[in-house]
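Trainee: next come a sequence and a model predicted from it.
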Amino acid sequence: MVETWKQIPVNSSVLQGAQPGYTIHLFSLDPDENFQPSEIWSNNGTVGTIAPHIRDSQWASPARDETVRRVEKRAAEFQGYGRAGFLEPLKVLKYELGGHYNHHYDTFPHREARTSMEGNRFSTFFVYLQANCTGGGTNFPRLSPPKDDRWCQFVDCDEPYEAGVTFKPIPGNAIYWHNLRPTDRTHHPDLLHSGLPVTSGVKVGLNIWTWTPEDW
């Protein structure tokens, strides 16, 4: 994976159909009563288990009203696919004091995805909706820290080199990545990531997952 610094104009052909109103910094080429405890899932995605030592957060899936549909539309347009797969229902995540999610991949194992699930999570948006907190960054331990100091407004440049890259929780910002290798659709090993513990306050995020097309 190659670190770079680009502010891609929204009319770039790289982002066909992207809407104005945000700036993209390219790091690498390669409601409360509705919340419930977040789960970790079995390999085939059918059994959820609450395991706070691995994942300590709460989640809610908002109703698909007009606002949510617009978010879905912008997420699909941002990716510029002619053959995009479907979007998984959006998930809002709340991390309170001590809330975290240990290192994991967003994908399901390749074998189960190809057989019982007929698809996999092709890409991920993680959007910071609220970050009135300390801690709570999103860590990618297998990415190399950036050499360009301009990245320090978005990533924690004070971490030791061996910690990888931690994106700061900044409200209104989002991290986007492709989970699967383009050659064989297996998970990309460098995209191991975690939600670091919140040490004070509350972090609220939004997961948007795009699945592979039906003929993948």
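Mentor: The structure has been received and is ready for your questions. Numbering: from 1, shown residues only.

Trainee: so after the helix or strand of the chain with the lowest mean pLDDT, what's the next helix or strand?
Mentor: Every helix and strand of the chain was ranked by mean pLDDT, DSSP states H and E. The lowest is strand 7-8, at a mean of 44. On the C-terminal side of strand 7-8, the closest following helix or strand by DSSP states H and E is strand 24-25.

Trainee: quick check: the gap between the residue nearest to Asn173 when sequence neighbours are not counted and Phe108.
Mentor: Nearest non-adjacent residue to Asn173, counting by C-beta to C-beta, 6 or more residues apart in numbering: Tyr128, 5.3 Å away. For every residue, glycine as well, the C-beta is placed using N, CA and C. According to C-beta to C-beta, to the nearest Å, Tyr128 stands 25 Å off from Phe108.

Trainee: same deal with Gly48?
Mentor: 13 Å.

Trainee: identify the contacts common to those two.
Mentor: Residues touching both Gly48 and Phe108 (C-beta atoms under 8 Å, 6 or more residues apart in numbering) are Trp41.

Trainee: looking at these two, which is more packed in?
Mentor: Phe108 (21 against 12; other C-beta atoms under 10 Å).

Trainee: hmm, that one is touching Ile40, no?
Mentor: No: contact criterion C-beta atoms under 8 Å: Phe108 and Ile40 do not qualify, at 11.8 Å.

Trainee: follow-up on the earlier one: burial count for the residue nearest to Asn173?
Mentor: By other C-beta under 10 Å, the residues close to Tyr128 number 22.

Trainee: before we move on, which element is it in?
Mentor: Here Tyr128, judged by DSSP H and E, is contained in strand 121-135.

Trainee: just the residues contacting that strand, thanks.
Mentor: 75, 79, 85, 88, 92, 95, 106-108, 138, 169-180, 196-212, 216.

Trainee: return the subset of these lying in helices.
Mentor: Secondary structure from DSSP state H places Ala75, Gln79 of these in helices.

Trainee: which of the contacts of strand 121-135 fall in strands?
Mentor: If you go by DSSP state E, the contacts of strand 121-135 have 92, 95, 138, 174-178, 198-211 in strands.

Trainee: okay, which residue is most central for this structure?
Mentor: Centrality entry for the chain: nearest residue to the mean C-alpha point is Phe126, 3.4 Å, by C-alpha atoms, centre = their mean.

Trainee: return the set of residues that bridge with that residue.
Mentor: Phe126 has these beta-bridge partners by DSSP bridges: Ile175, Asn207.
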